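1. Give the three-dimensional model of this entry:
(2 chains)
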Number of protein chains: 2
Amino acid sequence: MDNFSFYSPTCFVFGKDSEKKTGDCVKRFSGSRVLIHYGGGSVVRSGLLDRVKASLDKAGVTYAELGGVKPNPRSGLVYEGIELAKKENVDFILAVGGGSAIDSAKAIAAGVLYDGDFWDFYQGKRIEKALPVGTVLTIAAAGSEGSPDSVITKEEGMYKRGASSDAIRPRFSILNPALTQTLPAYQTACGITDIMAHLYERYLTGTEEVEVTDRMIEALLLTMIHEGPRVIADPDNYEARANIMWAGTMAHNNSCGVGRSQDWLSHNIEHELSALYDCAHGAGLAVTMPAVFTYEMKTNVMRFAQVAVRVWGCQMDFAHPEVTAKAGIEAFRNFLISIGMPKNFEELGAKEEDIPRLAEVLCHGDGRKGTISGFITLNEDECAEIYRMMV
Amino acid sequence: MDNFSFYSPTCFVFGKDSEKKTGDCVKRFSGSRVLIHYGGGSVVRSGLLDRVKASLDKAGVTYAELGGVKPNPRSGLVYEGIELAKKENVDFILAVGGGSAIDSAKAIAAGVLYDGDFWDFYQGKRIEKALPVGTVLTIAAAGSEGSPDSVITKEEGMYKRGASSDAIRPRFSILNPALTQTLPAYQTACGITDIMAHLYERYLTGTEEVEVTDRMIEALLLTMIHEGPRVIADPDNYEARANIMWAGTMAHNNSCGVGRSQDWLSHNIEHELSALYDCAHGAGLAVTMPAVFTYEMKTNVMRFAQVAVRVWGCQMDFAHPEVTAKAGIEAFRNFLISIGMPKNFEELGAKEEDIPRLAEVLCHGDGRKGTISGFITLNEDECAEIYRMMV
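-> Below is the predicted model:
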């Protein structure tokens, strides 16, 4: 196991009606004037935004608001939010929504206290300070409610890039599984896929002797396999929603990823797809992961055999471990298809003729030097080959 | 799943040589004058105390010190620590040691800022504020390095009681698995047993639909089953020590215990044993748990069958689930014996003739009303019956 530091100071307030505690949570973490940041549509229609505002009113917290966050959140709205936050003199950023609203809120929180262009942070500059961020989560997926990460797409060039800092970790996150019951099945399935991707990205490691985190990741994957089909079959199943929601947070606050190298090639390869086609991140991952894993498998057959046996219930083929390893990838792929995820470029809305461009941007865009690295290192040709496996 | 709030803001600094970061950690959490609190013997002999002091010196942090913490830490030394901390005007309490040193440090931290008798907190009074606490951990066991809990024994009457508050959660905990390599095998095994007890106490719940936390607990138990025998066979195995150490912290920071009722009957029943005989807490638990579980089993056979199948690899007897449930308890008992734990009163140094007194103090001592409650509720006769099962 590698040396590590683990710090996850977010206060998670979990359960039915927990959004009523938003005002108290903001005050607990010294907020007095809030920028509420959200997407639109459903948060307004469902009455959630009104309930959050009522809770802020009750606690004596004032607010400005900025809606309009889209999936794969864009830099344009971040700039707008930074201006508004300065003008309104807010001291706290409150995201109401999913990973996109939260990631956008984190970018605003960092940008408000920075004199330069916030995009610097997404090109590697360290975020030293930020306004405090809180969240009211409406979809179990990105794990951004408990993570130090934010992913933003720059309109100019459609670069999708991430930043990470303890300074933008949410101070609190309100998790009410009931808020996720109204999600369309497709979005629910995208969330399930994203959570499982966060687990696989940590599972695929070159670090040896990491039994404890292996087992924790497997536990969360087993939970998703049990609960995923239940919510797809019965969207109102609060209990299954609750189990998925906590699994989603635990999957990405890194308690199960410490002390080990991680992969993240699937995320990187997918980012170009959602940036170019504006498809859902989870849907892109569903198409990407089986191809990436099949490509990676030869590097460490036993790691893929282990997850196949322990998580997917495959029988170990001791004479031919690669058969078991493959069976595990196939079981995962079939699971994703069974919950309604796309299985190839066509279903995703991606185009074979774009592959050279995808691979080129992936390996050379925005300062990269021709390769991307994780569980293995891939050059442009290899990335193109992986994209072709998705056709 | 029940509603819950989860807040674990401790910064864990994990790995080889991590004690060298003690001074920086104290400063990060605004400490400038520290009370170093420890047991004695090994911390001094191993040179650890000197390394910690060197790190404090380097960071410009001054310190007073108080050694002498014993297993099952006593109220007498807590009173002494509170006086010393006030006299020396310290602003930070640093525990160097295991759960006993940490629990004692937490009690001092709370007592320094309280006008009354600190024991009030161990009789149910809420701890509102405390000096910040940090830890340098030397044994994987109690989980106190990441928990809001402290257990102290009052000399007068030998009452062993706990207090819990976010105010006494460590701000940081330094976890260097190499520091545990010099532990005698018996203490290592006691630690393993304590960690597994923390997991079982959470596993035994009346709350339904808690797949995610069930799976997480099972993951940590599986880790202990894999790594425990490895460190007993090879005390210098850093990797196995590292896996156990992180499992021990995760077992008790409650990330795997949220949203579910918990048991803690085994801990309560054991506390009377270690208070009366001054035996190691883990050793007491090893004798206590199989008896308690056998008694509890009839209340929910399927829960015990589940852990038997998923953790202990027992075959499910679908016609007779109680056979599987019992096999799981037996497997756990055999595991504990295999790592060197006592199996009955005699090996523990407990006496059958004390049973009436043990049960009486357990159910009536220190303000209790004749029963103790957890997974089930037990009266004095039933507690006596359970103690007799340990003979």
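2. Helix or strand: which one has the nearest residue to A:Ile269 once chain neighbours are set aside?
-> Nearest residue to A:Ile269 in three dimensions, chain neighbours excluded: A:Thr288, at 5.3 Å (C-beta to C-beta, 6 or more residues apart in numbering or on different chains). In short, each C-beta sits where N, CA and C put it, glycine included. Secondary structure assigned from DSSP states H and E places A:Thr288 in helix A:281-296.
3. With A:Gly134 instead?
-> Counting by DSSP H and E, A:Gly134 is found in strand A:133-137.
4. wait, does that strand contact chain B?
-> No - using C-beta under 8 Å from any C-beta of the partner chain, strand A:133-137 never reaches chain B; the gap is at least 13.4 Å.
5. burial measure for the residue nearest to A:Val323 when sequence neighbours are not counted, as a count.
-> The spatially closest residue to A:Val323, leaving aside those adjacent along the chain, is A:Asp317, at 4.4 Å (C-beta to C-beta, 6+ apart). Counted with other C-beta atoms under 10 Å in any protein chain shown, the neighbours of A:Asp317 add up to 16.
6. For A:Asp317, what are phi and psi?
-> phi -100, psi 100 (degrees, to the nearest 10).
7. all strands of the stretch 1-150 of chain A, in order?
-> All strands of the stretch 1-150 of chain A, identified by DSSP state E, counting those that start in this stretch, fall at A:4-14, A:33-38, A:62-66, A:92-97, A:133-137, A:149-154.
8. ok, back up a step: neighbouring strands for the strand holding A:Gly134, and are they parallel or not?
-> If you go by DSSP bridges, strand A:133-137 pairs up with strand A:92-97 (parallel), strand A:172-175 (parallel).
9. deepest of the ones you listed, which one?
-> strand A:92-97 (a mean of 29; mean count of other C-beta atoms under 10 Å in any protein chain shown).
10. Helices of the stretch 51-200 of chain A, start to end?
-> A:75-88, A:99-112, A:185-203 (DSSP state H, counting those that start in this stretch).
11. Export only the CA atoms of the last one, formatted as PDB.
-> It stands for helix A:185-203. Below are the C-alpha coordinates for helix A:185-203, written out as PDB (Å, rounded to 0.1, in the frame of the first residue of the first chain):
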ATOM      1  CA  ALA A 185     -34.900   5.800 -15.900                       C
ATOM      2  CA  TYR A 186     -32.200   6.800 -18.400                       C
ATOM      3  CA  GLN A 187     -30.700   9.300 -16.100                       C
ATOM      4  CA  THR A 188     -30.900   6.900 -13.200                       C
ATOM      5  CA  ALA A 189     -29.000   4.300 -15.200                       C
ATOM      6  CA  CYS A 190     -26.400   6.900 -16.300                       C
ATOM      7  CA  GLY A 191     -25.900   7.600 -12.600                       C
ATOM      8  CA  ILE A 192     -25.500   4.000 -11.700                       C
ATOM      9  CA  THR A 193     -22.900   3.600 -14.500                       C
ATOM     10  CA  ASP A 194     -21.000   6.600 -13.400                       C
ATOM     11  CA  ILE A 195     -20.800   5.300  -9.800                       C
ATOM     12  CA  MET A 196     -19.600   1.900 -11.000                       C
ATOM     13  CA  ALA A 197     -17.000   3.600 -13.200                       C
ATOM     14  CA  HIS A 198     -15.600   5.500 -10.200                       C
ATOM     15  CA  LEU A 199     -15.200   2.100  -8.500                       C
ATOM     16  CA  TYR A 200     -13.600   0.400 -11.500                       C
ATOM     17  CA  GLU A 201     -11.200   3.300 -12.000                       C
ATOM     18  CA  ARG A 202     -10.000   2.800  -8.500                       C
ATOM     19  CA  TYR A 203     -10.000  -1.000  -8.700                       C
END
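12. lowest average confidence, helix or strand, in chain A?
-> None of the helices or strands of chain A scores lower by mean pLDDT, DSSP states H and E than strand A:159-164, at a mean of 88.
13. Parallel or antiparallel, list what pairs with that strand.
-> Here, using DSSP bridges, strand A:159-164 pairs with strand A:149-154 (antiparallel).
14. Can you give the distance of the partner strand from its chain's centre?
-> Put simply, strand A:149-154 sits 11 Å off its chain's centre (C-alpha atoms, centre = their mean, to the nearest Å).
15. Next, the buried residues of that strand.
-> Buried residues in strand A:149-154, counted by 16 or more other C-beta atoms under 10 Å in any protein chain shown: A:Asp149, A:Ser150, A:Val151, A:Ile152, A:Thr153, A:Lys154.
16. repeat for stretch A:383-391
-> Along stretch A:383-391, these residues count as buried under the neighbour rule (16+ other C-beta under 10 Å): A:Cys383, A:Ala384, A:Ile386, A:Tyr387, A:Met389, A:Met390.
17. before we move on, back to that, wait, doesn't the residue nearest to A:Val323 sit right on A:Lys326?
-> No - applying C-beta atoms under 8 Å as the test, A:Asp317 and A:Lys326 come out as separate, 9.7 Å apart.
18. got the contact list for A:Thr377?
-> A:Thr371 (C-beta atoms under 8 Å, 6 or more residues apart in numbering or on different chains).
19. what is it paired to in the beta sheet?
-> Residues in beta-bridge contact with A:Thr377 (DSSP bridges): A:Ser373.
20. Relative to chain B, how far out is it?
-> Distance from A:Thr377 to chain B, counting by C-beta to the nearest C-beta, to the nearest Å: 26 Å.
21. measure that residue to A:Gly365 for me?
-> 17 Å (C-beta to C-beta, to the nearest Å).
22. same deal with A:Asp50?
-> 42 Å.
23. from the buried residues of strand A:149-154, which single one is nearest chain B?
-> A:Asp149 (18.1 Å; C-beta to the nearest C-beta).
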